[in-house]
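**Q** predicted model and sequence below, questions to follow.
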Amino acid sequence: MTEDADPTAAQVACFEAGIKFGSLYHQFAGTPVSPASADSLARAMEAAIENQPHCENVVVDVREDRLRDALADASADYTELTGRFMDVDVEIAYEGVAVHAQMRMADGYPLMEVVDVRS
């Protein structure tokens, strides 16, 4: 039997990064988006997530090139936001630990991962 241990600052910071991605993705997935609205939507997403504790910086790139490709043969001039249209970087700071995490497409899936943990 092992003793319970408090999480380290690095573990908490990584957890916080996961919370930010969960909030960002599940709050905004399905939002109607077009190349014309992509930038304003990205800025709104950044502002919303930066409100959360320990969040130092968020950069959202709603990929207009991917939106245009998806809309090329569509009957509408917008689509719904999904992970394939976004690249996201998040910076978390917690008790002297900095975490950089990102979301990028990997093999057709929006992969969210910790890139770097620094003390």
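**A** On my side now, so go ahead. Here the structure is a predicted model, which means the values were calculated and not measured.

**Q** every contact and neighbour count from this point should use C-alpha atoms.
**A** Fine.

**Q** which pLDDT value belongs to Leu24?
**A** pLDDT, Leu24: 95.

**Q** what are the phi and psi angles of it?
**A** Torsion angles at Leu24 (phi, psi; degrees, to the nearest 10) stand at phi -60, psi -50.

**Q** equivalent analysis for Ala44, please.
**A** Backbone torsions of Ala44, given as degrees, to the nearest 10, read phi -60, psi -40.

**Q** what does the helix or strand hosting Ala42 contact?
**A** Element membership for Ala42, per DSSP states H and E: helix 38-50. Applying C-alpha atoms under 8 Å, 6 or more residues apart in numbering, the contact partners of helix 38-50 are 20, 23-24, 28, 33, 55-64.

**Q** what's the distance between the strand or helix carrying Pro110 and the middle of its chain?
**A** Using DSSP H and E, Pro110 falls within strand 109-118. Its chain's C-alpha centre and that of strand 109-118 lie 10 Å apart, by C-alpha atoms, centre = their mean, to the nearest Å.

**Q** can you name every helix or strand that that strand contacts?
**A** With contacts taken as 3 or more C-alpha pairs under 8 Å, 6 or more residues apart in numbering; DSSP states H and E, strand 109-118 sits against helix 9-28, strand 97-106.
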